[in-house]
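J.: I would like to see how this sequence folds:
(one chain, ligands or ions: 2)
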Amino acid sequence: STLFGVKGQSISDPTEIQSFLDNFNSQAQAVFYKQSEVSWTYYTNITDYNQKLMLDEQLMSAKFSQEAYRNATRFNLTVMTQEDRRLFIKIMDIGTAAQTNETKLAYLNKVQSDMETIYSTAKVTMPSGQRLPLDPDLTQLMATSRNYDELLAAWLGWRAESGGKMKNLYAEYVEYNNEAVKILGHADTGAYWRSWYDTPTFEDDVRALFDQLRPLYEQLHAYARRKLKQIYGNDKFPSSGHIPAHLLGNMWAQQWSSLIDELTPYKGKPTLDVTDEMVRQNYTAIRIFQTADDFFKSLGMIPMPDTFWDKSLLEKPQDGREVVCHASAWDFYNGRDFRIKQCTVITAEDLETAHHEMGHIEYFLQYKDQPVSFRDGANPGFHEAVGDVISLSVQTPEHMHSIGLIPTVSNDTESDINFLMSMALQKIAFLPFGYLIDQWRWSVFRGETTPEKYNEEWWNLRCRYQGISSPVPLTSSDFDPGAKYHIPAGVPYIRYFVSFVIQFQFHKALCDEANYRGPLHRCDIYNSKPAGTLLSNMLKLGSSKPWPEAMNLLTRQRKMDAQPLMDYFKPLLEYLRQENGNDYGWHPICPTDPTEIQEFLDNYSS
Ligand SMILES: CC(=O)N[C@@H](CC(=O)O)C(=O)NC[C@H](CC1(C(=O)N[C@@H](Cc2ccc(O)cc2)C(=O)O)CCCC1)C(=O)O
Ligand SMILES: [Zn+2]
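T.: Ligands and ions are numbered 1, 2, ... in the order given. A predicted model of the protein is given here:
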């Protein structure tokens, strides 16, 4: 059977249009609920049996989507209201479910799930003989160890046990994914993913934003490199200016917050890392999520429902079950069941993650009465920004003091710079990483980067944009992209880069609505009902309107704009420029052995 039904006469009757939409909406809720339940069972108990149930269910819901597509194409879209036309377009956007060859679709889903299982069950045998999983052990080690060789062992082990085990699978995933989305008319999977932003200049827009923000990152990179050289010795750093990838306190060098003690500009001030205080106060996972829930309630927004507290999985099970520990927020599409799955540990980072995940749940709650096809973010970046916006208020010294996690608030200039540094290690450090992941994937989906070039191109981008390099020579069997969850899991990533820009636009708009007058980085909208109402009204739209309209409702303008982010960090940029002088930047090409690169630099610099 093909996807395209027999081209009958196109239906224009409004009653028939409405009954099709009503039927679809009730059937889709039942199908999506079942798929969520079966997936949840697998993600919270990884077994072959649960994987099979999930894969079977994915084929069932693909058939439902194909049928809905066939029926939808029988209607005349030109006579509809704008809203109905938008619904039909979304009903027909069925992604890889367009693959009517069931063998191919089953294989694609199996390969995807097998890669995610390899990632989620990988363990590294350390020199001590211990077998460590990523969550929480290797994450903790990367954050707390300052031993070059120990960090290298964890970093090499992780890439070997995760990415190293899935290179061929990935090549097949790319081929089968592209074949499926081409049936819908998309050029390739990257084009399909970008279509969700409904902006013809989207790729240029994000490149322009990244170029605008590079100077902030270059200054932060230079500062971190200088401090890390003091810790590990100059000889550990290539003359090309890159920072070895395993020294940034994070397995992917994507956020550097765990280096806050070494990177705090002015020592002797109260620490901003609240982890120790959370442990001292016997914080539990539940209390972390109650803290986040309390913030949404203070804004007059929707509290977490009872089913959330009953059915979420907020800690790694201790009963031997294998679970997908990578945090996630789930909409069960029945308007009542919303859950978070997080292997929570008692750290400042997981307090932040809890707010991020709860931001997804709040969005689900706000748009739960929309038709199913509108139960989505205005664009994927919006969904990623909600929780982070709240977290920008939570992380202010004022708010951390008000919830008893830091003893005093000192807002002298030096403390202010210390605070901005802690936020930059989380937000500025992330920008090139958030940008480059899908630069790599889009080039792979387009066929510009072929399997034998996967790893080389990955490191080209890591060296060029992130200014970090592999601490060891690359071999053709390596597949470092597979060491990052979203690649094996097939989860797009540019949404996070978009979020890290727009969340500062949202923060500024909500601070204005809360009648806050001071510098943006010290704004805390806690208890502001006007801010909560403004945010809720935007979230209620879901994806029922083009995202510039949602942006306009919240920020009174329709574009992505890096200015609020740059204004937020302006005082820090001045400090860093002073500190760094001319000692900033790196060679765009990855270092090879020191002599070769030195020769290159001699020519390059002359
Ligand atoms: C059913 C389902 O899958 N639902 C989706 C949500 C939806 O689509 O509705 C979902 O839950 N996705 C999981 C993903 C998890 C996290 C993530 O992967 N973060 C990025 C980047 C980043 C890092 C720091 C930060 O502060 C913000 C972002 C990373 O860790 O690299 C892990 C930690 C935070 C968020 C998420 O919540 O986005
Ligand atoms: Zn998210």
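J.: which residues in the stretch 1-150 of the chain form strands?
T.: 123-125, 131-133 (DSSP state E, counting those that start in this stretch).
J.: report the buried residues of the first one.
T.: Across strand 123-125, burial judged by 16 or more other CB atoms under 10 Å covers residue 124. The way it works is simple: take the backbone N, C-alpha and C, and place the C-beta from them, glycine included.
J.: that strand packs against which elements?
T.: The helices and strands touching strand 123-125, judged by 3 or more CB pairs under 8 Å, 6 or more residues apart in numbering; DSSP states H and E, are strand 131-133, helix 148-161.
J.: residues contacting the first one, please?
T.: Under the contact criterion CB atoms under 8 Å, 6 or more residues apart in numbering, strand 131-133 has outside partners 121, 122, 123, 124, 125, 126, 138, 141, 154, 325.
J.: centre of the chain to it, how far?
T.: Its chain's average C-alpha position is 24 Å from that of strand 131-133, according to CA atoms, centre = their mean, to the nearest Å.
J.: pairing partners for that strand, with directions?
T.: strand 123-125 (antiparallel) (DSSP bridges).
J.: which residues are in contact with the strand it pairs with?
T.: Taking CB under 8 Å, 6+ apart as the rule, strand 123-125 contacts 131, 132, 133, 138, 154, 157, 158, 160, 161.
J.: residue 326: how many residues sit nearby?
T.: 18 (other CB atoms under 10 Å).
J.: what residue in the stretch 251-400 of the chain comes nearest to ligand 1?
T.: Nearest residue of the stretch 251-400 of the chain to ligand 1 (CB to the nearest ligand atom) works out as residue 328 at 3.3 Å.
J.: surely residue 259 and residue 220 touch.
T.: No - in this structure residue 259 lies outside contact range of residue 220 using CB atoms under 8 Å: 11.1 Å.
J.: ok, these two, which is more surrounded?
T.: residue 220 (26 against 22).
J.: burial count for the residue nearest to that one when sequence neighbours are not counted?
T.: Nearest residue to residue 220 in three dimensions, chain neighbours excluded: residue 428, at 5.0 Å (CB to CB, 6 or more residues apart in numbering). By other CB under 10 Å, the residues close to residue 428 number 27.
J.: what's the closest non-adjacent residue to the most centrally placed residue in the chain?
T.: Residue closest to the mean C-alpha point of the chain, counted by CA atoms, centre = their mean, is residue 496 at 4.5 Å. The shortest distance from residue 496 to any non-neighbouring residue, by CB to CB, 6+ apart, is to residue 434 (4.5 Å).
J.: ok, the one you found to ligand 1 distance?
T.: Shown here: residue 434 relative to ligand 1, a distance of 7 Å by CB to the nearest ligand atom, to the nearest Å.
J.: same question for whichever strand or helix holds that residue, mean pLDDT?
T.: Counting by DSSP states H and E, the element that carries residue 434 is helix 430-445. For helix 430-445, mean pLDDT rounds to 98.
J.: who are the packing partners of that helix?
T.: helix 167-182, helix 189-195, helix 202-232, helix 454-461, helix 486-489, helix 494-513.
J.: could I get these in TSV, plus columns for distance to residue 351?
T.: Output for the helices and strands packed on helix 430-445, formatted as TSV (distance: least, CB to CB, whole Å):
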stretch	distance to residue 351
helix 167-182	34
helix 189-195	30
helix 202-232	23
helix 454-461	31
helix 486-489	22
helix 494-513	17
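J.: of the contacts of strand 131-133 - the most surrounded one?
T.: residue 154 (25 neighbours).
J.: isn't that one right up against residue 126?
T.: Yes - counting by CB under 8 Å, residue 154 touches residue 126, with 7.0 Å between them.
J.: I'd like the helices and strands packed on helix 430-445 laid out as JSON lines, including mean pLDDT.
T.: Shown next, in JSON lines, are the helices and strands packed on helix 430-445 (pLDDT from 0 to 100):
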{"stretch": "helix 167-182", "mean pLDDT": "97"}
{"stretch": "helix 189-195", "mean pLDDT": "98"}
{"stretch": "helix 202-232", "mean pLDDT": "98"}
{"stretch": "helix 454-461", "mean pLDDT": "97"}
{"stretch": "helix 486-489", "mean pLDDT": "98"}
{"stretch": "helix 494-513", "mean pLDDT": "98"}
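J.: closest to residue 281 out of the ones you listed?
T.: Among those, the nearest to residue 281 by CB to CB is helix 494-513 (27.3 Å).
J.: helices and strands around the next helix or strand after the closest one, which ones?
T.: Sequence-wise, the next helix or strand downstream of helix 494-513 (DSSP H and E) is helix 529-540. When contacts are defined as 3+ CB pairs under 8 Å, 6+ apart, helix 529-540 packs onto helix 348-366, helix 380-394, helix 494-513, helix 547-555.
J.: re the thing from before, of all the helices and strands packed on helix 430-445, which lies closest to residue 364?
T.: Here helix 494-513 is closest among the helices and strands packed on helix 430-445 (CB to CB), at 16.1 Å.
J.: relative to helix 547-555, how tilted is that closest one?
T.: Put simply, helix 494-513 runs at 30 degrees to helix 547-555, going by axes from the mean of the first three to the mean of the last three CA atoms, to 10 degrees.
J.: chain center to helix 494-513, what's the gap?
T.: Worked out by CA atoms, centre = their mean, helix 494-513 lies 14 Å from the chain centre.
J.: tell me how far residue 499 lies from residue 509.
T.: Distance of residue 499 to residue 509, computed by CB to CB, to the nearest Å: 15 Å.
J.: comparing those two, which residue is more hemmed in?
T.: When residue 499 and residue 509 are compared for neighbours, residue 499 comes out ahead with 27 against 22, by other CB under 10 Å.
J.: that's all I had, so thanks and see you.
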